[in-house]
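**Q** okay, here's the prediction I keep looking at, along with the sequence it came from:
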Amino acid sequence: MIGMRTGTLPIILFALAACASHTTPPAPPAPPVEQPPATIDGHPHFSQFSMNDRGALALPSPIVFAAGTADLDEAASAQPLWYIHDYLEAKPDVTMVRIEGHGTESGEDALMMTGDRALNVARWLVAHGIKCDRMIAAAFGDTKPIADPSTPDGKAQNRRIDVYNVALRGTLIANLPADGTAPAAVPVCD
């Protein structure tokens, strides 16, 4: 009997060791790595889109303009511009979007610059095949801040372009005005 017990002990210990090695939980999966967009014809191409917490299209980076002007920096803005373009191409049921220009300065000139910036984004989209009647450019100036305008970071966040869905299949969403009650807005086709 004693020999049997000591003979089975190494087998039991081996079996326990083998089971213990299989009960170790697997390592958690690595977080997904943000992949750069595919490139088609030398420019980024996007196929997945999302909206931010304000309901605007969540651009991958800010659209950039020359300081103090409405001149679009196309090279620095390539990703967000193509993102908007590809969104409109992928979503034909979205028959109109509002491109909103926002800034940090008050006054009529600053308001008009935000409208010109929105219009220049729309014109870039038209030049790249998006129909002008699918967009309205709206100037909001400093009327809709999203961050503290007294800080440099807040000013940078407030100086932005937002893109909102306005109409689906030719019908205004929630019967709201296409211009979003902007202080100034223009159709892009004019």
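**A** Happy to help now that I have it.

**Q** which SSE is immediately downstream of the helix or strand of the chain with the lowest mean pLDDT?
**A** In the chain, the helix or strand scored least confidently by mean pLDDT, DSSP states H and E is helix 2-22, which has a mean of 47. For helix 2-22, the following helix or strand on the C-terminal side (DSSP states H and E) is strand 38-40.

**Q** quick check: buried residues in the next helix or strand after that next one?
**A** As assigned by DSSP H and E, the chain's next helix or strand after strand 38-40 is strand 43-45. For strand 43-45, the neighbour count (16 or more other CB atoms under 10 Å) marks Pro44 as buried. (Each C-beta comes from the backbone N, C-alpha and C, glycine too.)

**Q** neighbouring strands of strand 43-45 in the sheet, and parallel or not?
**A** strand 38-40 (antiparallel) (DSSP bridges).

**Q** name the residues that touch the partner strand?
**A** Outside strand 38-40, the residues within contact range by CB atoms under 8 Å, 6 or more residues apart in numbering are Pro44, His45, Ser47.

**Q** same check on stretch 112-120?
**A** With CB under 8 Å, 6+ apart, stretch 112-120 has contacts from 63, 65, 69-72, 99-103, 137-141, 161, 184-186, 188.

**Q** what's the closest of the contacts of strand 38-40 to Asn165?
**A** Ser47 (18.0 Å; CB to CB).

**Q** just the buried members of the contacts of stretch 112-120?
**A** For those, a burial check counting by 16+ other CB under 10 Å picks out 63, 65, 70, 72, 99-103, 137-141, 161, 184-186, 188.
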